[in-house]
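Q: 3D, please:
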Amino acid sequence: MPADSKTPIAFPKTANLQASASEVDDVTRALPHALGPEKSLLSSMLQNPQEYVAVAIEEKLTAEHFYQPAHLTLFGFLLELFEAGQPIELVSLVQKLLDRGLLDRVGGPSALTDLYTYAPSAGHFRNHLQLVKDKFILRSIIQQSNEAIAQAYDAPDEVAGLLDTVEARILAIREGSETIKAQTLKQTVAEVLDQFQALIHHEKGATGISTGFEELDRMSGGLKAGEMFVIAARPSMGKTSFMMNIAEHICIDQQKPSMIFSCEMSAFQLVQRLVYSRAKFDAGQVLRGYKADKGALLRMKRATEEIATSKMFIDDTAGITINELRAKARRKKRDEDIQFIAIDYLQLMRSRTKQAENSREREVAEISSGIKGLAKELGIPIVILAQLNRGPEARTGKNPGLPRMSDLRESGSIEQDADLVGLLYRSAYYADTEEEKKEEEGKAELVLAKNRNGQTGHVPLTFVAPLMRFESGPPAREDEIGN
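A: Residues are numbered from 1 along each chain as shown. Next up is the predicted model:
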C-alpha cells in the first residue's frame, strides 16, 4: 500500500550511529569499518613496535580511528608504552594489561596471541592504515549528519548558525583537525621549552608574528596563534591605516598569506592607500598638479609589484555576518593557509541569530566571541578594529582625549574576549589652537590597555599624515633631522 504523501518522513531525533538509510525495512546496517586492516596494523605494531608504532604516530593515527573497542583499547595502551619508552613484547604486555585491569577489554591472552600470529605483509602497513582512517572518516560523516538532522528539527529558526556549525564540523573531518589538536602534555611542554630557549637567546620573533612596530612587539611578544588583538579608537584617528601597516608588514615583508575583511572601505580604496603608503608617495600631490619624478615612479612600480605578488586577500562585503566571515576564513585557511586575519571593524559586522535580533549588546557579544573562537580554531592571530564611545571627547586635563578601555562601545564582551586591547590616540586631534596642533603634529601612541600574556603601557608612534602611515617611535625633533 503506498505511503500517505502527507505523512512526514521519520528521521532520527537524536544522533544514532547505528541508524540506517533503509529503516523502513527494519534492517540495521553496521557502521563502516575494516576489522582486517585494524588487526593487520596492531599485528605489525606488536611484532615491530619501534618501526610501526612510530609510523602510526607520524601518520596521526589515534585510538578513535579503530572501530573494534578491543582494538581501540589495545592501540591506546601501545601508544602509552611507546611514549614511556617501555618494551613491548607478548609476556610483559599480558602482565601489564592484567595489572591495569585491561586484559579482558582487549579480548584476553588468546586475542593477543591471535594478533601476534596474524602475520600481515609489512609492505601493506600504510595501505591498511589509510583504509582504517577512511572508515573512520565515513563514520564521522554519518555521526555529524545524524546530529545535523536532529538539530535541524530541534532548532529550525537558527538556520545561519546551524549551517555554520555543520560546515565547521565537516571541514574538521576533512582537515583531521581533531587529530592534530590532540596534543599530549609532553608535546606542549616541549613547545614551551623551545620558546624559552629562543627567548633567552634573544631570537627575534621568538614567540609570535612581528607587527613591524618594535616596542609593540617587545611588549606583546608579537601576534600569537589563537589571539585576538582589538585596536580601538575614535573616528579619524587612523585605525585602518594602523591595521594596514601591520598587515603590510606581515603579508608583504614577511610573506605570510593574510586576509583582510573590510566592512567600511572598498578593496580598491584599501589597495590604493597601500600602494601610495608603501611607495611613500603623497597622493595629494597629484591632485595639486605635481608631476612625479623618476624616483617616485620607480617606487610606485616597486610597490605595486610587491603588493601584486603577495598573498593578501581582501573581502569588502559590507555588513558581513560573523557566520559568513568564519566560513570564508575557513576556506581561505584550507586553500591558502592564511597566517593572519584583520577585520575593519567590529561594530559594522552583524549576527543573524534570534537572540541577537533584539539586543545589540548580545549581537556584539556573539561577534566578539565568534572572532576569538575563530582565532583559536584556525590557530592564527586576528586583529580587529573597534570604535570607542564619546568618552574621550569630554576628557580634559594634561592629556585631553586620552582613551580608556571602558570607552569601548558595548565593551563588556570585547574586553573579556580580547587577548590584547590597544587604544590608538593622536594628541593633535584634541588641540585647541593652530599653534598647539603644530606642536603635537605627528605625535601618536598606542595605549596597550590589556595584555593577557605580557605588560601593558604606552607604545610611542609617529603618524605621517600625507602617507596615512604609522612608524615606530616618537617624531624626530627638528634638531635631530639629518643627524
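Q: show me what contacts the nearest residue to residue 451 once chain neighbours are set aside?
A: Closest residue to residue 451 apart from its sequence neighbours, by Cβ to Cβ, 6 or more residues apart in numbering: residue 420 at 5.4 Å. No exception for glycine: its C-beta is placed from N, CA and C like everyone else's. Taking Cβ atoms under 8 Å, 6 or more residues apart in numbering, we find residue 420 in contact with 220, 227-230, 448, 450-452.
Q: tell me how the chain divides into domains.
A: What automatic domain parsing lists as the domains of the chain is 10-170, 205-472.
Q: deepest-packed of the ones you listed, please.
A: Stretch with highest mean neighbour count among the domains of the chain: domain 205-472 (a mean of 18; mean count of other Cβ atoms under 10 Å).
Q: so how far is residue 400 from residue 284?
A: Applying Cβ to Cβ, to the nearest Å, the value for residue 284 to residue 400 is 28 Å.
Q: need the nearest residue in space to residue 315, chain neighbours excluded.
A: residue 261 is the one closest to residue 315 (Cβ to Cβ, 6+ apart), at 5.1 Å.
Q: just residue 471 next, same as before
A: Going by Cβ to Cβ, 6+ apart, residue 471 has residue 462 as its nearest residue, at 4.5 Å.
Q: in which helix or strand does that neighbour reside?
A: strand 457-464 (DSSP states H and E).
Q: not counting that strand itself, show me its contacts.
A: By Cβ under 8 Å, 6+ apart, the residues outside strand 457-464 that reach it are 213, 215-216, 219, 238, 241, 422, 426, 442-448, 469-476.
Q: name the strands paired with that strand and say parallel or antiparallel.
A: Sheet neighbours of strand 457-464, with direction, are listed as strand 443-451 (antiparallel), strand 469-472 (antiparallel) (DSSP bridges).
Q: could the C-alpha coordinates of that strand be exported in CSV?
A: Output of strand 457-464 as CSV, limited to C-alpha atoms (Å, rounded to 0.1, in the frame of the first residue of the first chain):
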residue,chain,number,x,y,z
GLY,A,457,51.8,50.6,28.7
HIS,A,458,52.2,53.2,26.1
VAL,A,459,53.7,52.5,22.6
PRO,A,460,55.1,55.7,21.1
LEU,A,461,54.4,56.2,17.4
THR,A,462,54.7,58.7,14.6
PHE,A,463,51.8,59.4,12.3
VAL,A,464,52.8,60.6,8.8
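Q: okay if I get the strands paired with strand 457-464 as CSV plus mean pLDDT?
A: As requested, those are exported to CSV (pLDDT from 0 to 100):
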stretch, mean pLDDT
strand 443-451, 91
strand 469-472, 90
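Q: residue 330 is nearest to which of those?
A: The closest of those to residue 330 is strand 443-451. By Cβ to Cβ, the value is 27.2 Å.
Q: got the contact list for the closest one?
A: 213, 216, 219-220, 231, 238, 242, 402-405, 415, 418-428, 455-463, 470, 474-475.
Q: circling back: state the mean pLDDT of the strand holding residue 462.
A: Averaged over strand 457-464, pLDDT sits at 91.
Q: any idea how far it is from the chain center?
A: Strand 457-464 sits 28 Å away from the centroid of its parent chain (Cα atoms, centre = their mean, to the nearest Å).
Q: for residue 244, what are its contacts?
A: Per Cβ under 8 Å, 6+ apart, neighbours of residue 244: 260, 270, 273-274, 277, 342.
Q: then residue 320?
A: When contacts are counted by Cβ under 8 Å, 6+ apart, residue 320 touches 261, 263, 349-350.
Q: tell me how far it lies from residue 154.
A: Residue 320 is 27 Å from residue 154, by Cβ to Cβ.
Q: about what we covered before: least reliable of the domains of the chain by average pLDDT, please.
A: domain 10-170 (a mean of 79).
Q: centre of the chain to that one, how far?
A: Relative to the centre of its chain, domain 10-170 is centred 28 Å away, using Cα atoms, centre = their mean.
Q: how about the strands paired with strand 457-464 in a markdown table, adding distance to residue 58?
A: Shown next, in a markdown table, are those (distance: least, Cβ to Cβ, whole Å):
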| stretch | distance to residue 58 |
| --- | --- |
| strand 443-451 | 37 |
| strand 469-472 | 43 |
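Q: which of those sits closest to residue 129?
A: Closest to residue 129 of those is strand 443-451 (Cβ to Cβ; 44.2 Å).
Q: can I get the CA coordinates of the closest one in PDB?
A: C-alpha atoms of strand 443-451 as PDB (Å, rounded to 0.1, in the frame of the first residue of the first chain):
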ATOM      1  CA  LYS A 443      52.600  62.500  17.700                       C
ATOM      2  CA  ALA A 444      50.700  59.300  18.300                       C
ATOM      3  CA  GLU A 445      50.600  56.400  20.700                       C
ATOM      4  CA  LEU A 446      49.000  53.100  21.200                       C
ATOM      5  CA  VAL A 447      47.900  52.600  24.800                       C
ATOM      6  CA  LEU A 448      48.200  48.900  25.400                       C
ATOM      7  CA  ALA A 449      45.500  48.700  28.000                       C
ATOM      8  CA  LYS A 450      45.200  44.900  28.200                       C
ATOM      9  CA  ASN A 451      47.800  42.200  27.500                       C
END
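Q: which residues does the nearest residue to residue 251 once chain neighbours are set aside contact?
A: Counting by Cβ to Cβ, 6+ apart, residue 258 is the residue found nearest to residue 251 once chain neighbours are left out, at 4.0 Å. Residue 258 is in contact with 247, 250-251, 311-313, 338-342, counting by Cβ under 8 Å, 6+ apart.
Q: with residue 371 instead?
A: Applying Cβ under 8 Å, 6+ apart, the residues contacting residue 371 are 228, 322, 343, 346, 382, 384, 417.
Q: rerun at 6 Å
A: Residue 371 makes contact with 228, 382, 384, according to Cβ atoms under 6 Å, 6 or more residues apart in numbering.
Q: go through those residues and say which is closest to residue 123.
A: Nearest to residue 123, judged by Cβ to Cβ, of these is residue 382 at 45.7 Å.
Q: tell me what that closest one is bridged to.
A: Beta bridges link residue 382 to residue 228, residue 341, judged by DSSP bridges.
Q: these two touch, right, residue 469 and residue 278?
A: No. Counting by Cβ atoms under 6 Å, residue 469 does not reach residue 278; the two are 8.7 Å apart.
Q: still on that earlier bit, make CSV from the contacts of residue 258 and add distance to residue 135 and secondary structure to it.
A: Converted to CSV, these look like this (distance: Cβ to Cβ, whole Å; DSSP: H, G, I helix; E, B strand; the rest coil):
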residue, distance to residue 135, secondary structure
247, 43, helix
250, 41, helix
251, 40, helix
311, 36, coil
312, 40, strand
313, 36, strand
338, 32, coil
339, 33, coil
340, 37, strand
341, 35, strand
342, 41, strand
